[in-house]
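structure of the sequence below:
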Amino acid sequence: MKISIVRTIGLMCVVVGLVWSVLFPKTADMLQPDFVASVAIGLGLVLTGVILLFATKARAAASALAIVLAWSLLLNVFLFSQVHAESTLIRHMAAQQENPKH
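This is a model prediction of the structure:
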C-alpha cells in the first residue's frame, strides 16, 4: 500500500495539531491572546492536515486556497482577541487616570 507524501504530511499535521491542543499550557481567561493563539495554532494544524488528507491532484489549487483561507481566518481571530485585550487595557488605564488613588 503506497501512501503519498501529501497524505503523510496531512496525517502528521493532524497529530501535531492534536498534541499541541492538548499539551500547550492554557491561561485562565479564555479571551487572553495567548490562549486564542494556542487554540488557533492547534486548529490550523488540524484543518491543514484534514484538507491535505482529502486533497487530490485535480483539486490541488482549491486545497491550497482552503489552507490559506483557514489560516487567514484563524489569524484574524487572534488579531481580534489581541485588539480586545489591548482596548481593555487602555480603558482600564484611562479609568485609573481619571480617578487616581492617592
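
from Gln82, how far off is Ala94?
According to C-beta to C-beta, to the nearest Å, Ala94 and Gln82 sit 19 Å apart. Bear in mind the C-beta positions are built from the backbone N, C-alpha and C, glycine included.

in this structure, which residue is closest to the centre?
Centroid check for the chain by C-alpha atoms, centre = their mean gives Ala40 as the closest residue, at 1.4 Å.

and the closest residue to Ile41 other than its chain neighbours, what pLDDT?
For Ile41, ignoring the flanking residues on the chain, the nearest one in space by C-beta to C-beta, 6 or more residues apart in numbering is Trp20 at 6.0 Å. At Trp20, the pLDDT value in this model is 88.

could you pull up the residues touching Val46?
Cys13, Val14, Gly17, Leu18, Ser21 (C-beta atoms under 8 Å, 6 or more residues apart in numbering).

isn't the first one up against Gly49?
It refers to Cys13. Yes. The criterion here is C-beta atoms under 8 Å, and Cys13 meets it with Gly49 at 3.2 Å.

for this protein, longest helix please?
helix 60-98 (DSSP state H).

please indicate which of the contacts of Val46 are buried?
Listed as buried from the contacts of Val46 are Cys13, Val14, Gly17, Ser21; burial here means 16 or more other C-beta atoms under 10 Å.

nearest spatial neighbour of the third one, skipping sequence neighbours?
This means Gly17. Leu45 (3.0 Å).
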